[in-house]
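Peer 1: Okay, structure incoming, though there's no sequence with it:
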């Protein structure tokens, strides 16, 4: 089985930087995803990590440490529109294509 | 955006009635999934498909069945709806290959209320 942990809720100020952590315990590993989900909408893909290190994509970056079972999503220059849930999802095992999702982190950005 | 649509988008039904949700894609992706999303639980996999007529159970499959007779359509059926199946249901698709990471593309969701 899989265990994926994320904080339930975080708050931050517009213009600041926030880091959302995800820890996982899986029998194997075949990639980690971050998705963004605005209230009442579908999740949308943000980032993918399969090797250790940092992946940067504009204001968003995602980091992975496979040995520690740890990832984080870093959001810079926060905007009000970044208020959303952020979902961490992990694929386990070689050849696995099905991700298991954490419960998500609700981020509230204040003016 | 991936071409994926769900129908109906909203449905209210009574306990014990059958319900079918439809997912239609125009991307010719091989893999299709049905998830449900509930407060405090996140997204949980109900069933998935890895090809026409090839389906398998996810972690919360009890009370649900699926069918995939064509690449583009994946149907989720609740044979006899219960109040515990009140939820938001998301269909998703993915493809694997050297050009992509296998990320999921989600439909807009179907909100089901069972009274």
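Peer 2: In hand now; what should we look at? Keep in mind the model is a prediction, meaning the values are calculated, not measured. Numbering: from 1, shown residues only, chains lettered A, B, ... in the order given.
Peer 1: Am I right that residue A:34 falls within a helix?
Peer 2: No. In this structure, residue A:34 is strand, not part of a helix, as judged by DSSP: H, G, I helix; E, B strand; the rest coil.
Peer 1: Go ahead and confirm it touches residue A:86.
Peer 2: Yes. Applying C-beta atoms under 8 Å, one finds residue A:34 in contact with residue A:86, separated by 6.3 Å. Bear in mind the C-beta positions are built from the backbone N, C-alpha and C, glycine included.
Peer 1: how far away is residue B:24 from chain A?
Peer 2: Distance of residue B:24 to chain A, given as C-beta to the nearest C-beta, to the nearest Å: 15 Å.
Peer 1: Does that residue lie in a helix or a strand, and which?
Peer 2: For residue B:24, the host element (DSSP states H and E) is strand B:19-25.
Peer 1: That strand: what's the following helix or strand?
Peer 2: strand B:31-38.
Peer 1: list the helices and strands that next one packs on?
Peer 2: strand B:19-25, strand B:42-51, strand B:64-70, strand B:73-78, strand B:87-94 (3 or more C-beta pairs under 8 Å, 6 or more residues apart in numbering or on different chains; DSSP states H and E).
Peer 1: Columns mean pLDDT, distance to residue A:25 and mean neighbour count on top of these, output as CSV?
Peer 2: Putting the helices and strands packed on strand B:31-38 into CSV (pLDDT from 0 to 100; distance: least, C-beta to C-beta, whole Å; neighbours: other C-beta atoms under 10 Å in any protein chain shown) gives the following:
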stretch, mean pLDDT, distance to residue A:25, mean neighbour count
strand B:19-25, 98, 31, 19
strand B:42-51, 95, 16, 20
strand B:64-70, 97, 27, 16
strand B:73-78, 98, 30, 19
strand B:87-94, 97, 24, 23
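Peer 1: what's the closest of those to residue A:24?
Peer 2: Between residue A:24 and the helices and strands packed on strand B:31-38, the shortest separation by C-beta to C-beta is 13.3 Å, and it involves strand B:42-51.
Peer 1: List the residues that contact the spatially most central residue of chain B.
Peer 2: Geometric centre of chain B, nearest residue: residue B:34, 2.5 Å, by C-alpha atoms, centre = their mean. Shown in contact with residue B:34 (C-beta atoms under 8 Å, 6 or more residues apart in numbering or on different chains): B:21, B:23, B:45-48, B:58, B:64, B:66, B:74, B:76, B:89-92.
Peer 1: can you list the helices and strands packed on strand B:31-38 in a markdown table and add distance to residue B:8?
Peer 2: Shown next, in a markdown table, are these (distance: least, C-beta to C-beta, whole Å):
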| stretch | distance to residue B:8 |
| --- | --- |
| strand B:19-25 | 7 |
| strand B:42-51 | 17 |
| strand B:64-70 | 17 |
| strand B:73-78 | 12 |
| strand B:87-94 | 10 |
